[in-house]
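> Need the 3D shape of this:
(2 chains)
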Amino acid sequence: AQSVTQLDSHVSVSEGTPVLLRCNYSSSYSPSLFWYVQHPNKGLQLLLKYTSAATLVKGINGFEAEFKKSETSFHLTKPSAHMSDAAEYFCVVSGKGYSTLTFGKGTMLLVSP
Amino acid sequence: GAVVSQHPSWVICKSGTSVKIECRSLDFQATTMFWYRQFPKQSLMLMATSNEGSKATYEQGVEKDKFLINHASLTLSTLTVTSAHPEDSSFYICSAESGDNSNQPQHFGDGTRLSIL
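This next block holds a predicted model:
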């Protein structure tokens, strides 16, 4: 069994300030973890993934996430927010292979000028 | 690479009609495709998993006769919402998984916004 908890439903930041989107997971297997971004009326775009290699994962658009097994966390960060980062972000965990994805409830990132 | 095309992007139709949504993998063969439903301000809920050439596996609570899934080829899966009613209005998203052990995650289409009047 696996589950994902995104701790914040909404996060508001000012343009140019750091972004932190929090995610905790539980999994019976060694998990693979992903962050996806969804813009309005669009599908999901993969930002980054962790698959048991380096614990600090760098993704697209300046995002990165750190896998911390002891804390069962996979928080997403970005040093400086851009207006175009405003979107919904989903933390996702998979078990064996990628056939079973469990989605978090999502965090809406709001970026103000 | 790994592009998934979903069509149509928007559908508005009258109650009682059937609606077909197509999901195509454009540059790879997808042995497994997935259909998700997303209600406003909520996460994605898996509806069913389809494997090419076999019957789809539906998640608990999803009506098989309401949501017909066909995966006739390695590049196309279709979801047909039969006799649609306003409560079927939602955002439907498909994804495709490559079967070549490329260690790639599921690739998502852009979704279909279905509105039943």
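> Which residue, other than its chain neighbours, is closest to B:R24?
B:S5 (4.7 Å; CB to CB, 6 or more residues apart in numbering or on different chains). The way it works is simple: take the backbone N, C-alpha and C, and place the C-beta from them, glycine included.
> Quick one: name whatever helix or strand follows whichever strand or helix holds the one you found.
Element membership for B:S5 (DSSP states H and E) is strand B:4-7. Sequence order places strand B:10-13 as the next helix or strand after strand B:4-7, per DSSP H and E.
> what mean pLDDT does the helix or strand following that following strand have?
Where DSSP H and E defines the elements, the next helix or strand beyond strand B:10-13 is strand B:19-25. Averaged across strand B:19-25, pLDDT comes to 96.
> name the helices or strands packed onto strand B:19-25?
Under the contact criterion of 3 or more CB pairs under 8 Å, 6 or more residues apart in numbering or on different chains; DSSP states H and E, strand B:19-25 touches strand B:4-7, strand B:10-13, strand B:30-38, strand B:76-81, strand B:90-98, strand B:112-116.
> quick one on the thing from earlier: residues of the strand holding B:S5 that come out buried?
B:V4, B:S5, B:Q6 (16 or more other CB atoms under 10 Å in any protein chain shown).
> Need the nearest residue in space to the residue positioned nearest the centre of chain A, chain neighbours excluded.
With distances taken as CA atoms, centre = their mean, the residue of chain A nearest its centroid is A:W35 (3.4 Å). Computed as CB to CB, 6+ apart, the closest residue to A:W35 that is not its neighbour in sequence is A:L47, at 4.4 Å.
> Roughly how far does the one you found sit from B:T78?
To B:T78, A:L47 is 29 Å away according to CB to CB, to the nearest Å.
> Those two - which one has more neighbours?
A:L47 (22 against 19; other CB atoms under 10 Å in any protein chain shown).
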